[in-house]
Every structure is written in C-alpha cells, then in structure tokens.
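**Q** Okay, here's the prediction I keep looking at, along with the sequence it came from:
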Amino acid sequence: MSFVELQDLSDEELMDRLKDGQSDVLAVLFDRYEKLVLSIALKIVRDPGEAEDVTQTVFLDVFRAVAQFDPRKGSTKVWLMQYAYHRAINRRQHLEGREFYRSAELEDDLEVHPVGAGKTLGLTVPEVKALVRQSMKALSDPQRKVIEMACYGGLSMREIAERTGDSFVNVRHHYYRGLQKLRSFISGGDERTSNTPGGKCA
C-alpha cells in the first residue's frame with residue numbers, strides 16, 4: 001500500500017501491518033503522533049534538542065517492540081504515550097546525572113546577566129576581555145575548541161558534533177563545562193590564569 005493509502009487505516013490496522021514487517025507504517029505513525037510524543041518529552045526533559053532525540057527513540061522502540069503490542073491492554077496512542085513518558089524520564093535522569101540542567105541554567109544566567117566590571121573586582125571592559133582570553137588557556141582542549149566554534153563560527157551544538165565527529169551530548173557537556181570555568185575565572189574564583197596567555201573567545 002502507498003503512504004496515502006496507509007494513512008486511511010486505523011491505528012490498530014497499522015500496528016497489525018507493522019507486526020507483519022511493513023516498515024512504511026512507522027512513517028504514518030510518526031506523522032500521526034510525533035507532535036504528541038514530542039510534547040510529552042519536552043515537558044519532562046525541558047530541552048528541544050533532547051526532546052527530539054527522545055521522540056526518535058520512542059518510535060524506534062515501537063518498531064522494535066511491536067510484537068509486544070496488545071490492543072486489549074490499551075490503544076496505540078496510550079502505548080506511545082507510555083513509551084514517551086518512560087523514555088523521557090530515563091533521559092532526564094541521565095541528564096541530571098551529568099549536571100545538564102545546572103549547566104543550562106548557568107548558560108542562561110550568563111546571557112541574561114553577563115559578567116561585568118561590577119562583578120570582576122572593578123576591572124574595565126578591556127581588562128575583562130583580556131581576562132577571558134587568559135582564561136581560555138586553562139580550559140581543556142575539547143572545551144576550548146567547542147567554545148571557539150560556537151563563539152566565532154556561530155555553530156550550534158549539533159553542527160559542532162557533526163564537524164568534530166563527537167557525540168552531541170559530549171559537545172554540549174564540553175560547552176557548558178567550559179562556560180562554567182570561564183565564569184568562575186572571570187568572577188575571581190580561580191587565579192591560576194592570571195599570567196597565562198591564550199584563547200580568543202572574548
């Protein structure tokens with residue numbers, strides 16, 4: 001059957017065909033329930049990129065576990081919602097373990113309340129910029145590389161992941177950790193960079 005013809009089938013008929021190995025059915029289910037799954041994931045993980053990843057995982061899970069689907073125990077919609085909820089909860093717990101949300105809050109704080117002269121022991125703007133350049137030297141190579149690509153290349157986390165071959169999660173981790181270090185250095189939390197030349201992100 002064509003995609004258009006599959007769209008006319010009920011959820012239960014689609015699941016039966018998916019059980020029979022008709023993988024095209026998954027595209028119809030995705031078209032039908034992607035927004036619902038995404039909304040559930042977004043409410044739980046509170047990050048658009050992570051919510052999209054969860055959504056993709058949910059539909060892959062449905063494809064792999066379709067043999068377990070029993071319409072007598074609940075509708076296709078409910079089954080998808082349960083997968084979305086559990087996958088999103090697992091992802092949130094993983095992100096919390098990596099301090100993702102604390103780092104995200106730090107980034108928001110840097111954007112809304114940038115570190116200025118009043119928070120840097122009375123330094124002038126040029127002195128603050130010089131301090132940032134010095135602080136870049138103290139970052140790890142991955143952190144410095146990611147921040148420079150984001151600052152000067154204007155690349156998103158996903159674009160950086162594609163260019164470096166690193167995972168999206170690792171790239172974002174390097175970025176947030178790097179920002180956290182820079183904030184600490186600029187606010188006087190670390191004096192090890194006071195005499196080190198270095199990076200460009202200022």
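**A** Yep, it's here.
**Q** Show me where this protein has its helices.
**A** Along the chain, the segments classed as helices by DSSP state H run 3-7, 11-19, 24-45, 48-64, 76-97, 100-112, 125-136, 141-152, 157-164, 168-186.
**Q** Any idea which of those gets closest to residue 70?
**A** Between residue 70 and those, the tightest spacing by C-beta to C-beta is seen for helix 76-97, at 8.9 Å. Bear in mind the C-beta positions are built from the backbone N, C-alpha and C, glycine included.
**Q** Give me the domain ranges for the protein.
**A** Domain segmentation of the chain under automatic domain parsing yields 3-97, 115-186.
**Q** among the helices of the chain, which gets the worst mean confidence?
**A** The weakest mean pLDDT among those belongs to helix 100-112, with a mean of 49.
**Q** Compile the domains of the chain into JSON lines and extend it with columns for mean neighbour count.
**A** Shown next, in JSON lines, are the domains of the chain (neighbours: other C-beta atoms under 10 Å):
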{"stretch": "domain 3-97", "mean neighbour count": "16"}
{"stretch": "domain 115-186", "mean neighbour count": "17"}
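**Q** so what's the residue nearest to residue 38 when sequence neighbours are not counted up against?
**A** Using C-beta to C-beta, 6 or more residues apart in numbering and skipping residues adjacent in sequence, the residue nearest residue 38 is residue 55, 4.7 Å away. Listed by C-beta atoms under 8 Å, 6 or more residues apart in numbering, the contact set of residue 55 reads 34, 37-38, 41, 84.
**Q** And residue 55, how close does it get to residue 28?
**A** Distance from residue 55 to residue 28, counting by C-beta to C-beta, to the nearest Å: 16 Å.
**Q** Could you do residue 22 as well?
**A** Separation of residue 22 from residue 28 (C-beta to C-beta) stands at 10 Å.
**Q** Could you do residue 35 as well?
**A** Distance from residue 35 to residue 28, by C-beta to C-beta: 14 Å.
**Q** same deal with residue 148?
**A** In terms of C-beta to C-beta, residue 148 sits 44 Å off from residue 28.
**Q** need the helices of the chain in CSV with distance to residue 70, can you?
**A** Output for the helices of the chain, formatted as CSV (distance: least, C-beta to C-beta, whole Å):
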stretch, distance to residue 70
helix 3-7, 22
helix 11-19, 10
helix 24-45, 17
helix 48-64, 14
helix 76-97, 9
helix 100-112, 35
helix 125-136, 57
helix 141-152, 46
helix 157-164, 37
helix 168-186, 34
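**Q** of all the contacts of residue 55, which comes closest to residue 138?
**A** When these are compared against residue 138 (criterion: C-beta to C-beta), the nearest one is residue 41, at 36.2 Å.
**Q** Now do the contacts for that closest one.
**A** Residue 41 sits next to 50-52, 54-55, 58, 84, 87-88, 91 when contact means C-beta under 8 Å, 6+ apart.
**Q** As JSON lines, these with distance to residue 73 would be great.
**A** Formatted as JSON lines, these follow (distance: C-beta to C-beta, whole Å):
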{"residue": "50", "distance to residue 73": "29"}
{"residue": "51", "distance to residue 73": "27"}
{"residue": "52", "distance to residue 73": "28"}
{"residue": "54", "distance to residue 73": "23"}
{"residue": "55", "distance to residue 73": "23"}
{"residue": "58", "distance to residue 73": "18"}
{"residue": "84", "distance to residue 73": "17"}
{"residue": "87", "distance to residue 73": "19"}
{"residue": "88", "distance to residue 73": "21"}
{"residue": "91", "distance to residue 73": "25"}
